[in-house]
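Undergrad: Predicted model and sequence below, questions to follow.
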Amino acid sequence: MTACSDAKKAILPTSISDLEAASTKQGARVADLKKAKADKPVIDDAVAELLRRKEVLTGALEDAIRVAQAAGDEELEAALQGKIDAMMPKPSSKAKQKHSRSGHAPAAPATGEVKMTELQLLRQRLEKVEQLKAEGMHAFAYSYDRTHLMSELQAEFEALSSGEEDEVTQVAVCGRIMARRIFGQLAFFTLQDSSGTVQLYLEKKRLGVDFGTFLSLTDAGDIVGARGSVKRTDKGELSVCANETTMLTKALRPLPDKWSGFTDVNKRYRQRYLDLVSNPSVRSTFAARGAPQRISEEL
C-alpha cells in the first residue's frame, strides 16, 4: 500500500485550518482595498484571488465531508457543511429591504463582488493558453492514446481492494475535469468521459516540477489525459495515480455553477452542449435514443 491515502489523512485537518486562515486573510485584504478606494484592477485581482482560495477551501471541506460520511460521523459532517454554507454569498440587508418593499425576489449579488465576470474568466484562461504555449505544451491537442474508458477501468479493477494499488499495470485515461480538490502537495481531480467518472490522484512526489505547473494551468472544464497506476483509496474510490499528465483541450469558459447546477429549462435547450456535460441522465437519454439508429446503420 502506498502513502496516497495515509498522507491525505495526515494533512486534511491542518490543510483545512490553513486554507481557512488564508481565505480570511485575503478577505480582509479585499475589504482594506475597497475601504482605501484602490484602483478597480487591483481590487478585481484581489477578489479573484479570494475566490480562488475559497474554491480550494470548499474542495477541501467537500472531501472532508466524504471522509466523515464514510466514518459515520454525522456531527462532523454537519459542522463541515455549515462551514460551506457560511461561505455562500448572501444579499446585503439593504438589498433585502429594497426588494421586500418592491415585492420582487432579491437580485443576484453584483458579479464583481462574489465572482469574476465571464469576460475576466475568459481573459484569465486565454492567458493560461499563452502560458501553455510558452511551456512548449499544446492547449488543444490533436489526439491522445487512452487505454480505457472510465467504465472499462471501473469494471477491470472492480476486484481491487480498498487501500490496494496495482503498481504493475499502467493505464491511460482522458476526460473533462469536473472538480478539483487541492491539499498542498496532493490534489484530486474528478475526470468524466462519455462512460462515467474516475478520480485522478496527483502527487508532487510522483510528478515533480510538473505538479505545480499542471495545477496552475488547469481549470474545471478542461479536458486532460493522465497515465499511471490504479489504486482504490481507503474510502473505496478508484483512482489513477498519475505519473504523467497532458493538457488536451483548454476550456475557455467555465462550467455551470456547481451549487445551483444547470437547471434553467430555456438555457438547457439553447445550450444543449452544457446540458450534456452537466447532467449524466441527459447523456444517457440521448445515447438510448440514438441506439436504434446506430443498430439500423450497422445492419
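TA: The structure has been received and is ready for your questions.

Undergrad: Only C-alpha atoms from now on, for both contacts and neighbour counts.
TA: OK.

Undergrad: can you give me the strands in the protein?
TA: Taking DSSP state E as the test, the strands found in the chain are 165-183, 186-192, 197-203, 223-232, 238-249.

Undergrad: Could you report the neighbour count for the closest residue to residue 210 other than its chain neighbours?
TA: Nearest non-adjacent residue to residue 210, counting by Cα to Cα, 6 or more residues apart in numbering: residue 204, 7.9 Å away. Using other Cα atoms under 10 Å, residue 204 has 15 neighbouring residues.

Undergrad: Same check on residue 264?
TA: 10.

Undergrad: how close does it sit to residue 271?
TA: Per Cα to Cα, to the nearest Å, residue 264 is found 10 Å from residue 271.

Undergrad: Look up how far residue 255 lies from the residue nearest in space to the middle of the chain.
TA: Taking Cα atoms, centre = their mean, the centroid of the chain lies closest to residue 179, which sits 2.0 Å from it. Counting by Cα to Cα, the separation of residue 179 from residue 255 is 10 Å.

Undergrad: With residue 23 instead?
TA: Applying Cα to Cα, the value for residue 23 to residue 255 is 23 Å.

Undergrad: now swap in residue 67 and tell me
TA: From residue 67 to residue 255 the distance is 26 Å (Cα to Cα).

Undergrad: next one: residue 134
TA: Using Cα to Cα, residue 134 is found at 26 Å from residue 255.

Undergrad: just residue 243 next, same as before
TA: Distance, residue 243 to residue 255, using Cα to Cα: 27 Å.

Undergrad: tell me which helix or strand of this protein sits lowest on mean pLDDT?
TA: When each helix and strand of the chain is scored by mean pLDDT, DSSP states H and E, helix 111-114 comes last, with a mean of 36.

Undergrad: Residue 269: what's it in contact with?
TA: The neighbours of residue 269, taking Cα atoms under 8 Å, 6 or more residues apart in numbering as the test, are residue 275.

Undergrad: Adjust the sequence numbering to begin at 31 for everything that follows.
TA: In the new numbering, first residue 31, that becomes residue 299.

Undergrad: wait, doesn't residue 203 sit right on residue 182?
TA: No: assessed by Cα atoms under 8 Å, residue 203 is found out of contact with residue 182, at 10.3 Å.

Undergrad: neighbour count winner among the two?
TA: The residue with more neighbours, out of residue 203 and residue 182, is residue 203; 25 against 13, by other Cα under 10 Å.

Undergrad: ok, now how distant is the closest residue to that one other than its chain neighbours from residue 278?
TA: The shortest distance from residue 203 to any non-neighbouring residue, by Cα to Cα, 6+ apart, is to residue 176 (5.1 Å). To residue 278, residue 176 is 12 Å away according to Cα to Cα.

Undergrad: higher neighbour count, these two?
TA: residue 278 (21 against 13).

Undergrad: That one and residue 162 touch, don't they?
TA: No: using Cα under 8 Å, residue 278 makes no contact with residue 162, being 11.1 Å away.

Undergrad: intersection of neighbour lists for these two?
TA: Common contacts of residue 278 and residue 162, defined by Cα under 8 Å, 6+ apart, comprise 168-169.

Undergrad: burial of residue 162, as a residue count?
TA: Per other Cα under 10 Å, the neighbour tally for residue 162 reads 20.

Undergrad: same check, this time on residue 150
TA: What residue 150 shows, counting by other Cα under 10 Å, is a neighbour count of 15.

Undergrad: Kindly report the same for residue 254.
TA: 22.

Undergrad: Any idea what it is bridged to?
TA: residue 205, residue 277 (DSSP bridges).

Undergrad: Quick one: residues contacting it.
TA: So residue 254 contacts 204-207, 275-279 (Cα under 8 Å, 6+ apart).

Undergrad: of these, closest to residue 321?
TA: Taking Cα to Cα as the measure, residue 321 lies nearest residue 205 of these, at 22.6 Å.

Undergrad: Can you check what pLDDT the model gives the residue nearest to residue 203?
TA: Confidence at residue 176, expressed as pLDDT, is 95.

Undergrad: Same question for residue 124.
TA: At residue 124, the predicted lDDT confidence score is 46.

Undergrad: any low-confidence regions in the protein?
TA: In the predicted model of the chain, residues 31-44, 118-146, 287-293 satisfy pLDDT under 70.

Undergrad: okay, now the domains of it?
TA: Domains of the chain are assigned by automatic domain parsing as 34-120+141-146, 180-279, 295-328.

Undergrad: can you redo those domains as TSV with distance to residue 156?
TA: Below are the domains of the chain laid out as TSV (distance: least, Cα to Cα, whole Å):
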stretch	distance to residue 156
domain 34-120+141-146	15
domain 180-279	11
domain 295-328	20
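
Undergrad: hey, what's the nearest residue to residue 197 once chain neighbours are set aside bridged with?
TA: Nearest-residue entry for residue 197: residue 259, 5.3 Å, with adjacent residues in sequence omitted and distances by Cα to Cα, 6+ apart. For residue 259, the beta-bridge partners are residue 271 (DSSP bridges).
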